[in-house]
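# Fold the following for me, if possible:
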Amino acid sequence: MIQKLKGGVLATLSGLTACHCFATDVSNSFSNNNVGKQIAANLMITEADYIDTIPVILTATRMSQPVNTAPAAVTVISREMIVASGLQEVGDLLRLVPGFQVGYFNGISMSLAYHGFTGNYDRRLQVLIDGRSAYMPFLSTVEWLSLPLDISEVEKVEVIRSSNAPVYGANAMQGVINIITRKPFEDEGFMLEGRWGTHDITGTDSNLSDLEWKNIRHKLDDRKYLLRYANSFNELDYRITFGYQKDSGFKNVADTKQLNLLHFVSQYQINTAESLDVQIGARMGDMHTFSYGVDDPIRNKSVESQYQSVSWSRALADSQELKVHFYHNYYDQDDEIRIANVLDWGVYYGTAERFDLELEHVLKAYENIRLMLGAGVRLDRIKSKHLIASENYVNDRSGRVFGNLEWFLTDRFVVNGGVMLEHNEQIGAYYSPRLAMNFLATDEHIFRASVTRAIRSPSILENNVDIAQRTDNGDIIEQLHISQTHLKPERQYSAELGYMFIARNQKLRFDTKLFVEYVRDGILEADECGVSSSPWVWGNNTRANIQGIESQLYYKPHRRFFMNLSHSRTSTNAHYHKCDNWTADLAVDLKDAERDISHTVPKDTFSGLFSFALTPALQWSFTYYYVTEMKWLQDGNIVKEHDRLDTSIDWNKPLPFSSNLNLSVTFQNMLNDYVEIQKETVFEQRAFLKARYEW
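Predicted coordinates:
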């Protein structure tokens, strides 16, 4: 058991890695340093890597790699950064990553974008939680605020900032976000936490100068409570978390939510070679929907999100590693109401499920070559009489085989190659390859070049959208949204040149990349150019060329101070045809039928996190964000150039009997109010007080 280890190489390695890759599962299973050193050697990580704590990542190839040999640009959001940021939701952490945009299009739904080019729901980013995809077939996205996970359980987030479809498949077309949770033994004992928050604490949109208690005490409309217990029994480590959250969302918008959380995580060391991880999570409650008018009124929405995950891993002879992972995701929403006693309505009414089984095998083919081979099968299914006009499940069965190679041509040249072959019932067979080379010019200076082709298959929803106002017997009153026949997959071709500097003392890390991305056959809704009563049609009507530069810098000159900076600058040329089903006699100028959507990608984004340990017990930090003007697609509006300043103070006090008290206060957006995605979602000044007691 790892909590029984007293230092050494293996303990350090375990602190740098997490349980998505089998390599970490192996590290948890040994109780002597010699075995740990042998595994470390087989992973091609040297003693210097442990001493200098070069970040080790798992997500780029599904194999443990120091960041200097990874085939893609990577951002690691550490636990240190999570605490210092003062951010309250897991999705908000992506504001710290170069090229990412985060916004709320109401108080119950969040949207993320990498290089813009998205709307209410992003379908081009793969989101993993300990290796389990959090993708929800119901809306073809991740519903961030309904995830059965609390931010206090997150140890780190690895973000692959480029297409990673050759490793994780269709939804990784633009990148991968891997959320790695804390091990149960890291949270041993009880924890009770309360959070109280308020919106618009000043009553102004300028600054905090007139902050008064009377403005706060009547507006504590954001509350969260957590109770957690973790312990060990023989070779079993486990943690269980209960939670409750309630808030009123944005001002003057019907988007309140009230959610309950249950999350169970366990790790069982079967023997020195085998381990078994079991996770179960559920989040459920009630929300209010956002109203778009008489035909889409305010109504209550009940939500149930749950998952079950089982992962078994074993160390084989000759440093080989084997992992089998099965998980089941379930999501259900019910917002059905009766409109004017005429028809039922409920755009967000329906159920979605995913069943996934996957096998991974990491092996060392030669002294300088490692391989990761894998295969998986999956069933996605949804039913919704309002979204796809079906009260029966519509299925999408798929299979995949994939592989990645890491080849040290010399001590200085590393080649990474990978490919994903997929087949599903939507479009048939397709594949996504990648080739990358890293040149370690010195121990501090690293250069990288890579090319990737990514394919994203249309989702079940995109292929089957059928939203209409219908009578009780099913007759269509008005067709609102429908799918184009025979949708094609989206394609992205990308290339990047990267440079990384890692100081020998690890106090400074800097990386930058030049990139180009070409998106073709992008799927977006389009109208029929003025044809009366025509529906919006989902079709392959979008293309985009995106190029730019991204940089990030982490600097920790002293144990009491660190800063993390990120910046992205892009140049975009993107268009979509606002007409669908074109005909030769369509009475519209074809030039007028093409719309420039280049402004969906902001020209510049920046974030800066600065943290100071004023005393061993008191930490002060502030974070600055800046985004130039951009347009969120679908229901979004143009968001003007804006900036935001957050600050957080964290105080930690050890108490008798091995207990601990932690208090923190966070102020968000100490500058002017700004619009998040829609004109109704105005982000005002906010304050949060959090108290945590551990024993």
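# which SS class is Gly119?
Under DSSP: H, G, I helix; E, B strand; the rest coil, Gly119 falls in the coil class.
# quick one: contacts for it?
Applying CB atoms under 8 Å, 6 or more residues apart in numbering to Gly119 gives the contacts Ser111, Leu524, Trp632, Leu633, Gln634, Asp635, Gly636. For the C-beta atoms, the positions are set from N, CA and C on the backbone; glycine is no exception.
# Try it again at 7 Å.
Trp632, Leu633, Gln634, Asp635, Gly636 (CB atoms under 7 Å, 6 or more residues apart in numbering).
# Would you format those residues as CSV with secondary structure included?
As requested, the contacts of Gly119 are exported to CSV (three-state DSSP):
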residue, secondary structure
Trp632, coil
Leu633, coil
Gln634, coil
Asp635, coil
Gly636, coil
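# I'd like to know which of the residues you listed is nearest to Ser248.
Distance to Ser248, by CB to CB, is smallest for Asp635 among those, at 20.9 Å.
# who's in contact with Ile382?
The contact partners of Ile382, taken as CB under 7 Å, 6+ apart, are Pro137, Phe138, Gly350, Thr351, Ala352, Ile388, Tyr393, Val394, Ile460, Leu461.
# What's opposite the closest residue to the second one other than its chain neighbours in the beta bridge?
Excluding the flanking residues, the one nearest Phe138 by CB to CB, 6 or more residues apart in numbering is Ala352, at 3.5 Å. Counting by DSSP bridges, Ala352 forms beta bridges with Tyr331, Ile382.
# Just list the residues touching Ala352, thanks.
Neighbours of Ala352 in contact, by CB under 7 Å, 6+ apart: Met136, Pro137, Phe138, Tyr331, Ile382.
# how about 8 Å then?
Contacts of Ala352 (CB under 8 Å, 6+ apart): Met136, Pro137, Phe138, Asn329, Tyr330, Tyr331, Asp332, Asp380, Arg381, Ile382.
# ok, now Asn329?
Asn329 sits next to Arg132, Ser133, Ala134, Tyr135, Met136, Gln306, Tyr307, Ala352, Glu353, Arg354 when contact means CB under 8 Å, 6+ apart.
# Confirm for me that Ser109 is in contact with Gly103.
No: applying CB atoms under 8 Å as the test, Ser109 and Gly103 come out as separate, 9.8 Å apart.
# if we can go back for a sec, filter the contacts of Gly119 down to the buried ones.
Burial by neighbour count, judged by 16 or more other CB atoms under 10 Å, picks out Trp632, Leu633, Gly636 from these.
# and those residues as TSV, adding distance to Glu694?
Formatted as TSV, those follow (distance: CB to CB, whole Å):
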residue	distance to Glu694
Trp632	40
Leu633	44
Gly636	41
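# what number of residues lie near Phe190?
The number of residues packed near Phe190 is 14, by other CB atoms under 10 Å.
# Bridge partners for it, pull those for me.
Beta-bridge partners recorded for Phe190 (DSSP bridges): Tyr229.
# cool, and Phe562?
Ser611.
# what pLDDT does it get?
In this model, Phe562 is scored at 97, pLDDT.
# May I ask you to confirm that it is in contact with Ser78?
No: in this structure Phe562 lies outside contact range of Ser78 using CB under 8 Å: 9.6 Å.
# The two: which is more packed in?
Neighbours of Phe562 and Ser78, each counted by other CB under 10 Å, are more numerous for Phe562; the result is 21 against 15.
# For Ile180, see how far away that one is.
The gap separating Phe562 from Ile180 is 20 Å, by CB to CB, to the nearest Å.
# what about the helices in the stretch 101-250 of the chain?
With DSSP state H, counting those that start in this stretch, the ranges of helices along the stretch 101-250 of the chain come out as 165-168, 213-217.
# tell me which residues of the shortest one are tucked away?
Yep, that's helix 165-168 we're talking about. Buried residues in helix 165-168, counted by 16+ other CB under 10 Å: Ala165, Pro166, Val167, Tyr168.
# Mind putting these into a markdown table with pLDDT and distance to Arg400?
Formatted as a markdown table, the buried residues of helix 165-168 follow (pLDDT from 0 to 100; distance: CB to CB, whole Å):
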| residue | pLDDT | distance to Arg400 |
| --- | --- | --- |
| Ala165 | 95 | 11 |
| Pro166 | 95 | 11 |
| Val167 | 95 | 11 |
| Tyr168 | 95 | 10 |
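# With respect to Val516, which of those residues is nearest?
Within the buried residues of helix 165-168, the smallest distance to Val516 is 16.6 Å, found for Ala165 (CB to CB).
# Is it correct that the closest one is in contact with Ser457?
No: using CB under 8 Å, Ala165 makes no contact with Ser457, being 10.3 Å away.
# Regarding this protein, what is its longest strand?
Using DSSP state E, we find that the single longest strand of the chain is strand 536-558.
# Could I get the full set of helices for the protein?
Remark: helices assigned in the chain by DSSP state H are 8-16, 22-27, 33-42, 47-52, 79-85, 165-168, 213-217, 460-464.
# would you list every one of the strands in the stretch 151-300 of the chain?
154-160, 175-181, 189-199, 222-233, 236-247, 257-269, 274-288, 300-315 (DSSP state E, counting those that start in this stretch).
# One more: the stretch 551-695 of the chain?
Taking DSSP E, counting those that start in this stretch as the criterion, the stretch 551-695 of the chain carries its strands at 561-577, 594-596, 604-615, 618-627, 630-631, 638-639, 642-655, 659-668, 674-675, 682-683, 686-694.
# could those strands be laid out in CSV, adding distance to Val419?
Listed next are the strands of the stretch 551-695 of the chain as CSV, based on distance: least, CB to CB, whole Å:
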stretch, distance to Val419
strand 561-577, 28
strand 594-596, 35
strand 604-615, 32
strand 618-627, 35
strand 630-631, 34
strand 638-639, 38
strand 642-655, 41
strand 659-668, 43
strand 674-675, 42
strand 682-683, 42
strand 686-694, 45
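# Mean pLDDT lowest where, among these?
Lowest mean pLDDT within these: strand 594-596, at a mean of 80.
# And that strand, what's buried?
Buried-residue list, strand 594-596, by 16+ other CB under 10 Å: empty.
# ditto for stretch 241-255
Residues Thr241, Gly243, Gln245, Lys246, Asp247, Ser248, Gly249, Phe250, Lys251, Val253, Ala254, Asp255 are the ones in stretch 241-255 that count as buried (16+ other CB under 10 Å).
# dump the residue contacts of the third one.
If you count contacts by CB under 8 Å, 6+ apart, Gln245 has them with Arg223, Lys224, Tyr225, Lys257, Gln258, Leu259, Leu261.
# Repeat the analysis, applying 6 Å as the threshold.
Counting by CB atoms under 6 Å, 6 or more residues apart in numbering, Gln245 touches Lys224, Leu259.
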